[in-house]
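**Q** structure for this input, please:
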Amino acid sequence: MDEQEFICPHCGERMRKWQAPDDSVWGGETRYVCFYDECPYYVRGWAWMDEHYGSRSSYRHSINPNNGSSAPLPVASADHLKPGIVD
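**A** Got it, this is the predicted structure:
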C-alpha cells in the first residue's frame, strides 16, 4: 500500500507519520503531524496556550489519515512526541 503524504496548511512542510503510544488517549493510533519547529501554528501556540490557559505548552497540526479530520496535538516541548515519528 502506498504511503499517504500530507502537507501542513500552516507552513507548507511535509507532515510526518506518527504513532501514539498504546497507553495514550489515542491508543496507538497513527496520525500525520507537522513537526516543523518554525511552523506558525506551532510557534503562535505557545503564546495562545499561555494567554488562555496559563499553560507552558503548544500544539502541532495533525491529521487522521483514516477520515481526513485535523486537530491540534498538544505538546509540552519542541521534542515532545518526536520519539513517535515512524517514517
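**Q** what segments of this structure are strands?
**A** All strands of the chain, identified by DSSP state E, fall at 16-19, 30-33, 58-63, 70-75.
**Q** what strands line up against the third one, and which way round?
**A** For strand 58-63, the pairing partners within the sheet under DSSP bridges are strand 30-33 (antiparallel), strand 70-75 (antiparallel).
**Q** go through the ones you listed and name the closest to E5.
**A** strand 30-33 (8.4 Å; C-beta to C-beta). For the C-beta atoms, the positions are set from N, CA and C on the backbone; glycine is no exception.
**Q** before we move on, the earlier item: save the strands paired with strand 58-63 as JSON lines, and put in mean pLDDT too.
**A** Below are these laid out as JSON lines (pLDDT from 0 to 100):
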{"stretch": "strand 30-33", "mean pLDDT": "95"}
{"stretch": "strand 70-75", "mean pLDDT": "95"}
